[in-house]
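[1] Test case, fold it:
(chains A and B)
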Amino acid sequence: MDEREAVARLKRGDIGGLEVLAKAHQLRATRAADLIVRDRSLAEDIVAETLLHVYQRIEQFDASRPFGPWFLRCVVNAARDAATQRERQVPLSSEEVSLEQVLASPTPAPEALAEYAELRDAVWAALGRLQPAQRAAIVQRYYLGLNEREMASEAGCSPGTIKWRLHMAREHLRRWLRPLWQTVAVDGFSRSEMIETQKEVRS
Amino acid sequence: MNTQQLSRALHELEAERVPADLDLWPRVRARLVAQPGEVRRGRWLPVTRLGWVAVALVALLAVGATARVAATAPVIGRLLQLFEPEIAHQDDSASLGQALNLSQAIDNVTVAVEWAYADAQRIRVGYTLRSSDGRRFDPCHMTLTDETGAPMPFAMGYGVTGEAERLDVALPPGEGSYVSVFANEAQGVAPGELLKLRLEAEAEELILPTPVPTSVPAAPGGPAANPKPGSVLLEPLPVGERLGPFVFEFSIPVAASSAK
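    From the prediction side, this is the model:
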């Protein structure tokens, strides 16, 4: 059963269709949610609840469009809201300490950093410092692979808003992770892309 | 560090944090099974139209066809309350079982499977037959099989066409709603699991004979057409059109509690 048929069956009330859709998208959705809420158990809850929401609201889904992006948008939005709510209550001081600890540790050469857990730990900790909306933007852009136009469309806001949000998020990450690429004076992320983004934002 | 490294780090992080064999479906399915009506309400839209005045037909059809259940939740709910109150009282009827919206049309007849419910003992299927020209079609030769092809024995059925005062229902000409009840003899499907079913049915036109008001007189000078004075000559019942098979495949969760 392909995805279109699964949607059609779900629209007819057959939860077998939902099973097909769940199995196709649950892993990517849970991982994206986990990057945003930083809690695997909560991420699983969010995806499960979103699947139930899909079941309830499938009539509203335009079957001529692909299901995956719509579902992932629902998950990302729910994760962003959950992260916002949670971080109002629980400050992330412990993660900030973690970031400092990670960055204070000796690191290997930048070219090899991606091979090591230290980089991942630092990225994880730095992500935790971002505001949930910025974190969600980073996840959509660099984990889910959406372009800015798609992100704007999914978020229902202007491309300029997305560009600015991404720009600020990258700036924060660059500043926090500077020790990890301080020897990389010119890199696609920190310089050329930033300049390009600034031009786009100004225009 | 560049964007490719960031992207790679994110993917590696998540590959470590969330294993690839993650399966949320059992959890989701359990929620759907536990609270089917709570999860999905409102698919039962009242579409009963006023019209035709006829008799309420509540039938147990021996030929495999069964009772008619209204295509709408109010009618199904009323049928359940009338014929199987133990089910209707278990929960409100609209929240019991699985709302479906499967329909198939052949020529001018549409069969729509709109509701189904399964527990360890019984499987109930609610469906509607509707003709576009007002002719009445009844279900016949109905079979329900599981995914292995094993038939579920027909147990009983009930339904309604036309107007039924007891149910407070008035359906238009050519429309009837039914519930068929089958024994659940599917093997290896535990409560909470999905039961995959295949329903096949035909629709047969019902042509009611025109009443013959008087006896047939004997032809003058000839043999008596009606050998016994006062008797009525009966015409053979007309045979209506038969359409089908209508085939539906669907999956429903087996409820943990038996509705008896």
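[2] ok, which residues in the stretch 101-250 of chain B are in contact with chain A?
    B:101-102, B:194, B:196, B:250 (C-beta under 8 Å from any C-beta of the partner chain). Glycine gets a C-beta too; all of them are placed from N, C-alpha and C.
[3] quick one, helices of the stretch 1-150 of chain B?
    The residue ranges that make up the helices of the stretch 1-150 of chain B, judged by DSSP state H, counting those that start in this stretch, are B:3-17, B:25-34, B:36-39, B:73-83, B:85-88.
[4] Low-confidence regions, the chain specifically.
    Just going to use chain A. A:88-116, A:155, A:179-203 (pLDDT under 70).
[5] let's do chain B instead
    When residues are selected by pLDDT under 70, those of chain B lie in B:1, B:34-74, B:87-96, B:208-237, B:257-260.
[6] the strands in it, which residues?
    When assigned using DSSP state E, the strands of chain B occupy the ranges B:98-106, B:109-118, B:122-131, B:137-146, B:154-161, B:163-164, B:169-170, B:175-183, B:194-205, B:242-253.
[7] which helices and strands does the second one pack with?
    Yep, that's strand B:109-118 we're talking about. Counting contacts by 3 or more C-beta pairs under 8 Å, 6 or more residues apart in numbering or on different chains; DSSP states H and E, strand B:109-118 packs against helix B:73-83, strand B:98-106, strand B:122-131, strand B:194-205, strand B:242-253.
[8] If we use 6 Å, what do you get?
    Identification of packing neighbours for strand B:109-118 by 3 or more C-beta pairs under 6 Å, 6 or more residues apart in numbering or on different chains; DSSP states H and E yields strand B:98-106, strand B:122-131, strand B:242-253.
[9] can you redo the ones you listed as JSON lines with mean neighbour count and distance to residue A:64?
    Conversion of those to JSON lines gives the following (neighbours: other C-beta atoms under 10 Å in any protein chain shown; distance: least, C-beta to C-beta, whole Å):
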{"stretch": "strand B:98-106", "mean neighbour count": "18", "distance to residue A:64": "18"}
{"stretch": "strand B:122-131", "mean neighbour count": "26", "distance to residue A:64": "27"}
{"stretch": "strand B:242-253", "mean neighbour count": "20", "distance to residue A:64": "23"}
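[10] Which among these is found nearest to residue A:39?
    With C-beta to C-beta as the measure, strand B:242-253 is the member of the helices and strands packed on strand B:109-118 nearest residue A:39 (29.2 Å).
[11] List of residues touching the closest one?
    The contact list for strand B:242-253, computed with C-beta atoms under 6 Å, 6 or more residues apart in numbering or on different chains, reads A:14, A:16, B:33, B:98, B:100, B:102, B:104, B:106-107, B:109, B:111, B:113, B:116, B:118, B:194-204.
[12] one step back: pipe the strands of chain B into TSV and attach distance to residue A:135 per row.
    As requested, the strands of chain B are arranged in TSV below (distance: least, C-beta to C-beta, whole Å):
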stretch	distance to residue A:135
strand B:98-106	38
strand B:109-118	43
strand B:122-131	47
strand B:137-146	47
strand B:154-161	56
strand B:163-164	59
strand B:169-170	55
strand B:175-183	52
strand B:194-205	37
strand B:242-253	37
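[13] For residue A:26, find the nearest of those strands.
    Comparing the strands of chain B by their distance to residue A:26 (C-beta to C-beta), the top pick is strand B:194-205, with 16.7 Å.
[14] Who are the packing partners of the closest one?
    The contact analysis (3+ C-beta pairs under 6 Å, 6+ apart) places strand B:194-205 against strand B:137-146, strand B:242-253.
[15] neighbouring contacts of that strand?
    Outside strand B:194-205, the residues within contact range by C-beta under 6 Å, 6+ apart are B:109, B:118, B:129, B:135, B:137-145, B:147, B:186, B:189, B:240-254.
[16] now stretch B:98-107
    Applying C-beta under 6 Å, 6+ apart, the set of residues contacting stretch B:98-107 from outside is A:12-13, B:36, B:43, B:110-116, B:243, B:246, B:248, B:250, B:252.
[17] And for stretch B:148-155?
    In this structure, residues lying in contact with stretch B:148-155 by C-beta under 6 Å, 6+ apart are B:64, B:123, B:143-145, B:181-183, B:185.
[18] Which one of the residues you listed is nearest to residue A:55?
    The closest of the contacts of stretch B:148-155, once distances to residue A:55 are taken by C-beta to C-beta, is residue B:123, at 21.4 Å.
[19] gap between that closest one and residue B:136?
    For residue B:123, the distance to residue B:136 under the criterion C-beta to C-beta, to the nearest Å works out to 26 Å.
[20] which residue packs closest to the residue most central in space within chain A, ignoring adjacent ones?
    Closest residue to the average C-alpha location of chain A: residue A:139 at 2.0 Å, with C-alpha atoms, centre = their mean. Of all residues beyond its chain neighbours, the one nearest residue A:139 is residue A:35 (4.7 Å), with distances taken as C-beta to C-beta, 6 or more residues apart in numbering or on different chains.
[21] Likewise for residue B:16?
    In space, and not counting its chain neighbours, residue B:16 is closest to residue A:120: 7.8 Å by C-beta to C-beta, 6+ apart.
[22] what's the answer for residue B:170, then?
    If you skip the residues right next to it in sequence, residue B:170 has residue B:163 as its closest partner in space, 4.3 Å away by C-beta to C-beta, 6+ apart.
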